[in-house]
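Participant: How does the following fold in three dimensions:
(chains A and B)
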Amino acid sequence: RKEVEQDPGPFNVPEGATVAFNCTYSNSASQSFFWYRQDCRKEPKLLMSVYSSGNEDGRFTAQLNRASQYISLLIRDSKLSDSATYLCAVNRGGSTLGRLYFGRGTQLTVWP
Amino acid sequence: GAGVSQSPSNKVTEKGKDVELRCDPISGHTALYWYRQSLGQGLEFLIYFQGNSAPDKSGLPSDRFSAERTGGSVSTLTIQRTQQEDSAVYLCASSLTGFQNTIYFGEGSWLTVV
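Facilitator: Below is the predicted model of the structure:
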């Protein structure tokens, strides 16, 4: 089983829509969680960290469910500029310490 | 700039040649990572440095791949006897301490082996 799994999509939504992505991780000892955004032919950039209590940044909300081992990203009022690939990333800690395990990404296209 | 710097940004090389890719992390970041991403694929972990040592190099795909880091700063990824399947973008990233820290990526070195 892969460390981190995501639905690759693609998700195609109209402007203004709400869209949600889920990501599951296999190692229950995982300690920190992130969502990255990657535009076409660009490097991944941090979108937001995911905290145990859930956190919100403007139109973006991230949730962590440790019991079920998944993290989610909710985007409200989608904009054209949200079109990108969204990668979830997990740090297991322990012997792998700093290594981030990435999902393959979920592709989002927002259309006018 | 203050970000992770990589060079070259693009490299076309002939099969069988050796290539060196360089990464200059964010100043003060002790942890440094190399990932690679083939077209349309996910991020593949290659190696992780903490200071000058590499506690995790489990992702290096073969003995043709090696990496070093000197002075706790600049890192070089070397690919010997390149093959066409080595064509990918090689992404370097750094983080402050490597433990539960955000990692920041450079723009990548796009390698094409012809």
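
Participant: for chain A, what are the nearby residues on chain B?
Facilitator: Where proximity means Cβ under 8 Å from any Cβ of the partner chain, the interface of chain B facing chain A comprises B:31, B:33, B:35, B:41-43, B:45, B:48, B:50, B:55-56, B:91, B:95, B:97-108. For every residue, glycine as well, the C-beta is placed using N, CA and C.

Participant: Does the spatially most central residue of chain B lie in a helix or a strand, and which?
Facilitator: In chain B, the residue lying closest to the centroid (Cα atoms, centre = their mean) is B:W34, at 3.4 Å. Under the assignment given by DSSP states H and E, the secondary-structure element containing B:W34 is strand B:31-37.

Participant: List the strands paired with that strand, with their directions.
Facilitator: Neighbouring strands of strand B:31-37 in its sheet, by DSSP bridges, are strand B:43-50 (antiparallel), strand B:88-95 (antiparallel).

Participant: The following helix or strand past the first one: partners in the sheet, and parallel or antiparallel?
Facilitator: In this case it means strand B:43-50. Past strand B:43-50, heading to the C-terminal end, the next element that is a helix or strand (DSSP H and E) is strand B:53-56. According to DSSP bridges, strand B:53-56 has the following sheet partners: strand B:43-50 (antiparallel).

Participant: any idea of the mean pLDDT for the strand it pairs with?
Facilitator: Per-region confidence: strand B:43-50 scores 92 on mean pLDDT.

Participant: And that strand, what's buried?
Facilitator: Neighbour counts using 16 or more other Cβ atoms under 10 Å in any protein chain shown place B:43-50 of strand B:43-50 among the buried residues.

Participant: Grab the nearest non-local neighbour of B:G71.
Facilitator: Once flanking residues are discounted, B:G71 sits nearest to B:N52: 7.4 Å by Cβ to Cβ, 6 or more residues apart in numbering or on different chains.

Participant: hmm, back to that, the strands paired with strand B:31-37: which one's closest to B:E68?
Facilitator: The stretch from the strands paired with strand B:31-37 with the least distance to B:E68 (Cβ to Cβ) is strand B:43-50; that distance is 8.7 Å.

Participant: if we can go back for a sec, what's the spacing between the nearest residue to the residue nearest to the centre of chain B once chain neighbours are set aside and B:F65?
Facilitator: The spatial neighbour of B:W34 that comes closest, neighbours along the chain excluded (Cβ to Cβ, 6+ apart), is B:L46 at 4.1 Å. Between B:L46 and B:F65 the distance is 7 Å, computed by Cβ to Cβ, to the nearest Å.
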